Structures are given as C-alpha cells and as structure tokens.
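[1] Generate a structure from the sequence data that follows.
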Amino acid sequence: MIEGLTVGRRGNAIDSVEKRSTTLELLARSGPIEVVRQWIEAGRHSFLYASDEWTGFELIYILEGTITLDCDPDRVDPAEPIVLQAGDYMYHNGLPRKVYFRAEDTVEILLFSSAPGFDMARNGVAEMREMARSVEEKDAATEGHCDRLGRLAIRTGEQLNLDAQLMIDLSYAAYLHDIGKVKVPDSILGKEDELTDGEWDEMKRHPDYGAEMLAEKDFLGGAAEIVRAHHERYDGSGYPRGLKGQDIPIGARIIAVVDTYDAITSARPYQKAQAKEEAIGELKRGAGTQFDPTVVEAFLGIIGAEDVEE
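    Numbering: from 1, shown residues only. Next comes the predicted model:
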C-alpha cells in the first residue's frame, strides 16, 4: 500500500443501488464531494436538476455509450440536439432549467459532484423498486409485469413524440401503475370466483390509492395523475372518474394499451398466454371505445421490433 493513497477495483464500490433501468455505484466521497459511476439502460430518459432543486458543481464524463441532450425547447429557432459519446463530458454550476437526455444505447457515466446526491438517488431508486416488488409479492400474476410495461410504454411514447418530462413521468407510472393494489384486501385481490358488486367497487379504488401514494413524493407527482387514470376508457366508460378522450392523460392512454397487450400475451394463474395476433386483434377492436386509436396505431407500429418482443 502507498501511504495516503486509496486504490479501488471494479465492483468494489462504497455503496450501490440498482433497478432494471439503472445502476449507481458510489466510488469515493470526501466531505460533500462524491464520485459516482452510473449505468443507464438503452432508451431511458433522464435529466439534470435545475438550480432551484439542486445546487453545486457537477461534471458528467461519458465512459461508454451515447446520450442525446434536448436543447432549450423555448427557443424561437430550436437548436439540434447535442450528442455526447465516450470521452465527451459536460459540467455546470447550476442550471436555469432541467436538461433532459436520452440514452441511445447502454451508457456508463462517471459523475463528479460538489454536493452530495448519491443517498437521495439511492433512496429514490430503492423506494421505487420496493414499491413494485410489494405489488408483485401480493399479486403473483403481475410478476415481471412492471418491467415489461415500462419498456413498451417508453417505446410507444417515443413513437408519439412525447416531450422529455412526459416520458419520465410515463416511465415511473408504467413501472408503478398497480401500486394501489397493495391497499386492496387479499381476499379480493386473490379471489378466483366472480367479485361481488361491493368487492368490485373496492378493486376499482386501486388507481386512486396508487395516485395518493405516489403524490407523497414530489418527483412522482406527474406519474400520480397517470396512475389515477390508467383504467379510464376512451369512450368515458372507465373508472374512477369516467374521463373521456383527450381529457385522459396521454400517459394513461398509453398504459391502457400496453397493459392490455401484456395481459393477453402473458401467462396468468387464470389463463394461458395467448398469441400476439390475439392481442393485436383485441386492441384493434377496442380502438375508439376502450383505447385511443392514435395510441393503438403507434403501439402497433413498434411491437414488431425484436427487443420489444423479448
């Protein structure tokens, strides 16, 4: 050993946290200064905080992969997106607005920060992961469902050219759309026979339960409204508020489509997985009544991609 020098090996981080779409490792910390390595799954959207949410110096160095930065959307002549590849970097001392970016492929970045943020990020990721796990443990039929919906919803949102913040809200909402089921009694959630009217009324409260849970976190406020509306129907016959057409948040309209597709094509305790063609037929039949036809068209445009099928 060399006096005063600390050597770290790959995988020997101080702390780490991960969920399917991202992994963070705290490599070093000295006072408020932190060095973090992060992996981001291809296709995921993220952002750098604005100065009213986070202050300090931050440098982001791209180790592997490619990210695309969204330029200022309020400019009269919007600039072309900025592309950063391995070896490129960016830094700031506080930003006037959030800066959004997309991982074009699997990205590995190194973050140097003068203000501690790893614990906040770790707690947020860990809490989301535990929320999703709590639903899957209570309702075995949803195992893997949250991850699959996240991937399908993101691809559909990109097909519809949603803005960056909507994409992030959609990602959170798709991953946590059924979180309200943790408040539904097991006797109802696991009942094999037909639900009574009273039991069905209780089951239909889970979107409100979920929205209330997510609204407790500021960064999940946008996702909360999507979750509240994900069982609304395009013709107004859904629940819990009977919203119709464009009054239903676009994120909720997307989740309604991808949720139905995944439910039909996945094996459940009460049904066998059906063919992709059966699911497509169901979506086409429901376009304009249960589903937003524009969302159905966008979704059908992406489900042939190999990575979505997997």
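
[2] where does the stretch 151-300 of the chain dip in pLDDT?
    267-274 (pLDDT under 70).

[3] which residues in it form helices?
    With helices called from DSSP state H, counting those that start in this stretch, the stretch 151-300 of the chain shows them at 164-176, 186-189, 197-203, 206-215, 221-228, 250-265, 276-286, 293-300.

[4] Now Gly236. Nearest residue, chain neighbours left out?
    Among residues not flanking Gly236 along the chain, Lys244 sits closest, at 3.4 Å (C-beta to C-beta, 6 or more residues apart in numbering). The C-beta positions use only the backbone N, C-alpha and C, and glycine is treated the same way.

[5] Now do that neighbour against Arg253, distance only.
    As judged by C-beta to C-beta, to the nearest Å, Lys244 and Arg253 stand 11 Å apart.

[6] intersection of neighbour lists for the two?
    Taking C-beta atoms under 8 Å, 6 or more residues apart in numbering as the criterion, Lys244 and Arg253 both touch Tyr234.

[7] circling back to that earlier point, let's have the helices of the stretch 151-300 of the chain in CSV, adding mean neighbour count and distance to Pro81.
    As requested, those are exported to CSV (neighbours: other C-beta atoms under 10 Å; distance: least, C-beta to C-beta, whole Å):
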stretch, mean neighbour count, distance to Pro81
helix 164-176, 23, 11
helix 186-189, 13, 44
helix 197-203, 13, 43
helix 206-215, 21, 30
helix 221-228, 23, 22
helix 250-265, 23, 22
helix 276-286, 15, 32
helix 293-300, 19, 21
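
[8] Quick check: which of those helices is nearest to Gly238?
    Closest to Gly238 of the helices of the stretch 151-300 of the chain is helix 250-265 (C-beta to C-beta; 8.1 Å).

[9] For the closest one, which helices and strands make contact with it?
    Using 3 or more C-beta pairs under 8 Å, 6 or more residues apart in numbering; DSSP states H and E as the contact test, the elements touching helix 250-265 are helix 145-159, helix 164-176, helix 221-228, helix 276-286, helix 293-300.

[10] Format those helices as TSV; extra columns: distance to Ala86.
    Formatted as TSV, those follow (distance: least, C-beta to C-beta, whole Å):
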stretch	distance to Ala86
helix 145-159	23
helix 164-176	23
helix 221-228	32
helix 276-286	37
helix 293-300	32
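
[11] quick one, which of those helices is nearest to Glu192?
    Here helix 145-159 is closest among the helices and strands packed on helix 250-265 (C-beta to C-beta), at 19.0 Å.

[12] need the helices of the stretch 151-300 of the chain in a markdown table with distance to Pro32, can you?
    Putting those into a markdown table (distance: least, C-beta to C-beta, whole Å) gives the following:
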| stretch | distance to Pro32 |
| --- | --- |
| helix 164-176 | 26 |
| helix 186-189 | 45 |
| helix 197-203 | 48 |
| helix 206-215 | 30 |
| helix 221-228 | 28 |
| helix 250-265 | 36 |
| helix 276-286 | 51 |
| helix 293-300 | 44 |
